[in-house]
Structure formats: structure tokens, C-alpha cells
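K.L.:
Quick one: sequence and predicted model below, then my questions.
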Amino acid sequence: MREVTDAEVRAAVDDRALVDACTAALAALGRGEASQAAKQMLPAAGGGFFLSISAVVPALGWAISKWASYVPAEGGAGRSTSTILAGPADGSAPTAVLRGMLPTRLRTAAAAVAAIEALGRADAASPVALLGFGPTNRAVADMLATLHGVRSWRVLVRSDAAGDRARAALPGEVVVGGRDALADAVLAVSATGAGGAVASVADLAPGAAVVCLDGARVWETAHATLIDDRSTAHEVGGLARLVAGLDPAPDGAVLIDQAGSAVTDVALASVALGEPQNVRDRW
């Protein structure tokens, strides 16, 4: 079994291909053509957690099991770990292990872009708000800039250093400020790690869309339509149904509470590793 490095993952993954694979995986889940187990979580010291998830997407040829952990840090970034074990969807022995946070960051960003595209809210001409500018939101911003030409940003962060990083990294117009800076944003993505509300959907432009990667508690939701991705073996979440075309994209303000679908880890594996039958030959 091959251990795949972050460098190999980054070299193999094309952003457009990964977004398309996440779209295909979520749509398959919505149609009942893929399955994932309910997320299992255990508490860890200091308010952290351990979690495990698993999924199989036959159309993509892969299945995964993932073990991850998170330990928060006072006033700064916490510590995360992730290990993905990938094998063929036919139940054969595992083929590869992807260790490290880059695969998770890439699939999280790609799944967020897939959700934005399913809503029909990807608009290069309008400002995008970023709540938090850690590695996850940086990855989302990179994909939005590359795939949709976004060049106008409204950034809400907790420190001057994070604001400086955003100004240096983001292409085009960058406004770093408080909640009042969000007023003209028609799309927002949050990845803050905050324990409570840091903004309201009402702070954004009327009818704006929010993709929340850090829990709906981070937002005061006002009258926004809420959609989540918490699919289980017995119930398909709203995001999978939306991407599959089974539910229409809502009009007006909408918040997608995107906790992370295991099928999108399968999507990452399929793009990073290629066809299962070729993996052992290549490595």
C-alpha cells in the first residue's frame, strides 16, 4: 500500500477536476447511487474531538475511511490531523493512504465551490466575503479566483496578521474590516473555528448565499433558507439533493451548513489516485 505525500496530491489534483468529482459524488449520494456512514465523533481533551467517516461511490471507483482529530488553541489556530485510507469500490484491499491536512483542505474547498455552483451563485462581478483566512478559506478563495475569476473580496478576521496575509494572497480588490464591510457581498464563505456567531446573513447584500464550513452557530441566520449536508444511510441531506437536481436552488438568502461529506473524500481520492486498477501498476 502506497503512502501518498502532500506534494504528490497537489501535483495530481486539478481544481476543476476535483470540483467536478465532488459534484458527481454529491449527486450520486442524492440519487442513492453512493453511500456514507454517519460521522462518528469522540471527545478529546481541551474541547477537541476525534472523528471517523467512510463512504463508497461506485461511479468513481473508490471507497474511503478517514480518521481525523482536532484540538483547539486559545486565541489562535488549533491543531488538526487527517488520515484517509482508500481502496477500490469493489471491496478489494486498500491501495493507498493519504496522510496530512492538504487532501482534506482541497476536498473541503472543492465541495464548497460545488455547492456554490449548484446554487448558481458563482459571480465574478460581485464581491465575495471570507470569514476567516486560514488554510481552508485560502483554498476556497484560490479555487474561486482560478475557476470563476473572482477579484473582489471582503475579509473578516480576528487579527491584523491574518488581514495582512489576505491582502498579500488575494487577487484584485481586498477590503479587510468588520461586519459593516460585508454589506455588498452576495456570497460568503466562513471557516473561522469560532464557538459562536461572528456575523449575520443580514450583514450581507440582500438575497446573499452563505457556505458555512465551521458550523451554523457562526452565523445569525435571520430568515435565510437552511440547507445541510448531513446525509446518512437512512436520510439524504439537502445539499446532496440540491446537487443531484432533486431540489431546486432556493431564491433569496440561503445558508449551506457544510460539515463535510465523506463522499467528497472519495472524490479527492479518485482525482489524486486515478483509476484503482492502475494504482499498483503506477506505484
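P.N.:
Thanks, I have it. Numbering: from 1, shown residues only.

K.L.:
where does Trp153 land in three-state SS?
P.N.:
The three-state label for Trp153, taken from DSSP: H, G, I helix; E, B strand; the rest coil, comes out as strand.

K.L.:
if I look at it, how far off is Thr192?
P.N.:
Distance from Trp153 to Thr192, counting by CB to CB, to the nearest Å: 16 Å. (Each C-beta comes from the backbone N, C-alpha and C, glycine too.)

K.L.:
same question, Asp123
P.N.:
Distance of Asp123 to Thr192, computed by CB to CB: 23 Å.

K.L.:
So the two - more neighbours on which side?
P.N.:
Each of Asp123 and Thr192 has its neighbours counted (other CB atoms under 10 Å); Thr192 has more, 22 against 15.

K.L.:
give the contact list for the more buried one.
P.N.:
The neighbours of Thr192, taking CB atoms under 8 Å, 6 or more residues apart in numbering as the test, are Leu131, Gly132, Arg158, Val198, Asp214, Val218.

K.L.:
Let's see that with 6 Å instead.
P.N.:
Contacts for Thr192 were tallied using CB atoms under 6 Å, 6 or more residues apart in numbering; they are Leu131, Gly132, Asp214, Val218.

K.L.:
ok, His223 - how many residues close by?
P.N.:
Neighbourhood size, His223 [other CB under 10 Å]: 8.

K.L.:
So it lies in a strand, does it not?
P.N.:
No: going by three-state DSSP, the assignment for His223 is coil, not a strand.

K.L.:
Now the nearest residue to it once chain neighbours are set aside: phi and psi?
P.N.:
In this structure, His223 finds its nearest non-sequential neighbour in Ala253, 6.6 Å apart by CB to CB, 6 or more residues apart in numbering. In terms of degrees, to the nearest 10, the main-chain angles of Ala253 are phi -60, psi 140.

K.L.:
what's the offset of the helix ranked longest in the chain from the middle of its chain?
P.N.:
Using DSSP state H, we find that the single longest helix of the chain is helix 102-119. Here helix 102-119 is found 4 Å from its chain centre; the criterion is CA atoms, centre = their mean, to the nearest Å.

K.L.:
List of residues touching it?
P.N.:
Outside helix 102-119, the residues within contact range by CB under 6 Å, 6+ apart are 6, 9, 13, 18-19, 22-23, 82, 84, 122, 135-136, 139-140, 143, 189, 209, 211, 242-243, 249, 256, 264-265, 268.

K.L.:
Which ones among these lie within helices?
P.N.:
Per DSSP H, the contacts of helix 102-119 map to helices at 6, 9, 18-19, 22-23, 135-136, 139-140, 143, 242-243, 264-265, 268.

K.L.:
Of these, just the buried ones, ChimeraX syntax please.
P.N.:
Filtering the ones in helices among the contacts of helix 102-119 down to the buried ones (16 or more other CB atoms under 10 Å) takes a single ChimeraX command:
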select :9,18,19,22,23,135,136,139,140,143,242,243,264,265,268
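
K.L.:
Show me how this structure divides into domains.
P.N.:
1-102+261-279, 114-260 (the TED database).

K.L.:
Need the ones you listed in TSV (columns: distance to Thr108 and mean pLDDT).
P.N.:
Formatted as TSV, the domains of the chain follow (distance: least, CB to CB, whole Å; pLDDT from 0 to 100):
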stretch	distance to Thr108	mean pLDDT
domain 1-102+261-279	8	93
domain 114-260	6	94
